[in-house]
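Chemist: With the input below, show me the fold.
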Amino acid sequence: MKILILPGDAIGPEITAVTKAALEALDFRFGLGLELVEREIGLAAFKNVGRTMPEDVMEEIRDTPTTILGPVSTMDYPPEAQGADNPSKAIRKGFDLFANIRPSKTRKGVPSMAKSMDLVIVRENTEGFYADRSMFMGNGEFMPTPDLALAVRKITAEGSNRIARAAFELARTRRKKVTAVHKGNVMRVSDGLFMREVRAVAEEFPDVELDDVIVDAMAARLIRHPETFDVVVTTNMFGDILSDEASELSGGLGLGGAINASNERAIAQAAHGSAPDIAGQNKANPTAHVMSAQMLLQWTASRSGDNELTNAAAHLEAAVDSVLADPANHTGDIGGNAGTREFGEALVKAIGE
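Modeler: A predicted model of the protein is given here:
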């Protein structure tokens with residue numbers, strides 16, 4: 001099984017090194033036959049070949065169903081016209097990765113605002129209010145006059161149906177509950193269409209409970225009663241905001257993994273940024289990046305029916321939990337003094353035990 005690894009910028013190479021070492025240890029223990037192939041993107045690629053997302057890398061992604069993408073420092077990129085494409089945007093749009101899947105759960109030993117939570121936010125990834133995803137030509141934000149700005153929100157039946165289906169299929173493997181989040185009391189047409197498709201899909205899953213919550217009420221309920229949620233499905237911008245809130249409640253952005261997926265491929269990509277302020281200082285928390293890779297293995301196993309890969313993914317999560325349970329392994333973002341490399345060494349040891 002080939003996994004393409006794209007380290008990215010700033011802390012990307014540091015946390016990628018931990019993830020790669022963990023996968024190598026996992027491969028040794030379970031005999032998975034992993035082929036880990038690393039390629040340059042981002043500022044390193046721009047320096048060497050004049051593009052942040054080289055075309056040969058895009059072609060290799062096209063030929064490789066499983067990819068791990070590191071964080072990127074797009075604020076430091078030159079203009080797109082000079083060859084500095086946003087790798088995350090290029091991959092999500094180029095391969096129609098319509099589902100952003102982000103679990104948030106409390107873990108033993110990790111300080112968190114929530115006492116108990118174990119939920120997954122399934123966020124539509126290709127539509128919504130995002131200006132680069134709502135128009136065939138041009139930009140979804142525009143200014144008819146210097147003092148008037150407008151934004152187009154794109155919601156389609158197809159996009160809503162397939163993200164709902166992803167949520168219900170996931171819920172069947174968990175606690176069999178889906179919560180749909182919307183603002184249908186105000187955006188009656190667009191969120192009305194979204195909820196129409198969610199309810200239509202729900203009829204195909206009679207074993208899964210469906211409820212729906214207005215987004216502002218959801219933001220409050222997530223703080224007050226996070227333990228009541230299982231799988232949350234919502235549109236792009238609402239999902240972006242709520243998933244960050246859920247991550248902070250569970251201990252921080254450095255902890256939760258994420259994947260961007262279609263029906264054919266998945267890209268592991270931690271939700272946090274590239275943190276250039278701590279790059280090269282052995283301070284970054286690699287947990288989210290490692291758990292993104294764990295989700296990638298899990299996603300692949302669920303489609304291939306490979307029980308050994310399923311066991312390996314479960315073992316990797318258990319190893320992460322065992323490392324995090326000891327405060328001596330905590331990085332600075334969760335109140336500890338451990339470094340990135342030290343966390344990685346502890347994780348490789350735990351995988352082998």
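
Chemist: and the helix-or-strand element of the chain with minimal mean pLDDT, what does it pack onto?
Modeler: In the chain, no helix or strand scores lower on mean pLDDT, DSSP states H and E than helix 87-94, which sits at a mean of 90. Helix 87-94 is packed against helix 55-62, strand 66-69, with contacts defined by 3 or more Cβ pairs under 8 Å, 6 or more residues apart in numbering; DSSP states H and E. Using the backbone N, CA and C atoms, a C-beta is placed for each residue, glycine as well.

Chemist: Break the chain down into its structural domains.
Modeler: The record's domain parsing of the chain by automatic domain parsing lists 1-104+255-353, 113-250.

Chemist: now for the first one, what's the gap between its first and last residues?
Modeler: Start and end residues of domain 1-104+255-353 are separated by 24 Å (Cα to Cα, to the nearest Å).

Chemist: just how off-centre is it within its chain?
Modeler: Put simply, domain 1-104+255-353 sits 10 Å off its chain's centre (Cα atoms, centre = their mean, to the nearest Å).

Chemist: Check stretch 214-234 too.
Modeler: That offset, for stretch 214-234, works out to 18 Å (Cα atoms, centre = their mean).

Chemist: What is the end-to-end distance of that stretch?
Modeler: Termini of stretch 214-234 sit 10 Å apart (Cα to Cα).

Chemist: In stretch 61-69, which residues are buried?
Modeler: For stretch 61-69, a neighbour-count test (16 or more other Cβ atoms under 10 Å) marks I61, T64, P65, T66, T67, I68, L69 as buried.

Chemist: ok, which pair from these is furthest apart?
Modeler: Farthest-apart pair in the buried residues of stretch 61-69 is P65 and L69; separation 13.8 Å (Cβ to Cβ).

Chemist: what about the strands in the chain?
Modeler: 2-6, 35-38, 66-69, 99-105, 118-124, 141-145, 148-151, 177-182, 209-214, 231-234, 259-261, 266-268 (DSSP state E).

Chemist: Save the buried residues of stretch 61-69 as a markdown table, and put in distance to A114 and pLDDT too.
Modeler: Converted to a markdown table, the buried residues of stretch 61-69 look like this (distance: Cβ to Cβ, whole Å; pLDDT from 0 to 100):
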| residue | distance to A114 | pLDDT |
| --- | --- | --- |
| I61 | 35 | 96 |
| T64 | 36 | 94 |
| P65 | 34 | 90 |
| T66 | 31 | 95 |
| T67 | 31 | 97 |
| I68 | 28 | 98 |
| L69 | 28 | 97 |
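
Chemist: E308 - how many residues pack around it?
Modeler: 12 (other Cβ atoms under 10 Å).

Chemist: V320: which of the helices and strands packed on helix 87-94 is closest?
Modeler: Taking those one by one with Cβ to Cβ, strand 66-69 is closest: 15.5 Å.

Chemist: Show me what the closest one packs onto, helices and strands only.
Modeler: With contacts defined as 3+ Cβ pairs under 8 Å, 6+ apart, the packing partners of strand 66-69 are strand 2-6, helix 87-94, strand 266-268, helix 287-304.

Chemist: Adding mean neighbour count, write the ones you listed out as JSON lines.
Modeler: Below are the helices and strands packed on strand 66-69 laid out as JSON lines (neighbours: other Cβ atoms under 10 Å):
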{"stretch": "strand 2-6", "mean neighbour count": "21"}
{"stretch": "helix 87-94", "mean neighbour count": "19"}
{"stretch": "strand 266-268", "mean neighbour count": "27"}
{"stretch": "helix 287-304", "mean neighbour count": "23"}
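
Chemist: just flag whichever of the ones you listed has the lowest average confidence.
Modeler: When the helices and strands packed on strand 66-69 are ranked by mean pLDDT, helix 87-94 comes last with a mean of 90.

Chemist: circling back to that earlier point, out of the helices and strands packed on strand 66-69, flag the one nearest L255.
Modeler: helix 287-304 (5.0 Å).

Chemist: elements contacting the closest one?
Modeler: Using 3+ Cβ pairs under 8 Å, 6+ apart: helix 287-304 touches helix 12-30, strand 66-69, strand 99-105, strand 259-261, strand 266-268, helix 307-324.

Chemist: what's the closest of the buried residues of stretch 61-69 to E141?
Modeler: The closest of the buried residues of stretch 61-69, once distances to E141 are taken by Cβ to Cβ, is L69, at 25.7 Å.

Chemist: How about the contacts made by the closest residue to that closest one other than its chain neighbours?
Modeler: Computed as Cβ to Cβ, 6 or more residues apart in numbering, the closest residue to L69 that is not its neighbour in sequence is Q269, at 4.4 Å. Contact analysis of Q269 by Cβ atoms under 8 Å, 6 or more residues apart in numbering lists I68, L69, S88, A258, I259, N260, S292.

Chemist: list the contacts for D96?
Modeler: By Cβ under 8 Å, 6+ apart, the neighbours of D96 are T126, S262.

Chemist: For L296, which non-adjacent residue is spatially closest?
Modeler: L296 sits nearest to A268 (Cβ to Cβ, 6+ apart), 4.1 Å away.

Chemist: And that neighbour, how far from G192?
Modeler: From A268 across to G192, the span is 34 Å (Cβ to Cβ, to the nearest Å).

Chemist: likewise V320?
Modeler: 41 Å.

Chemist: okay, those two: which has more neighbours?
Modeler: V320 (23 against 12).

Chemist: I figured that one hits V348, correct?
Modeler: No: with contact defined as Cβ atoms under 8 Å, V320 does not count as touching V348 (11.5 Å).

Chemist: That concludes my questions; thank you for your assistance.
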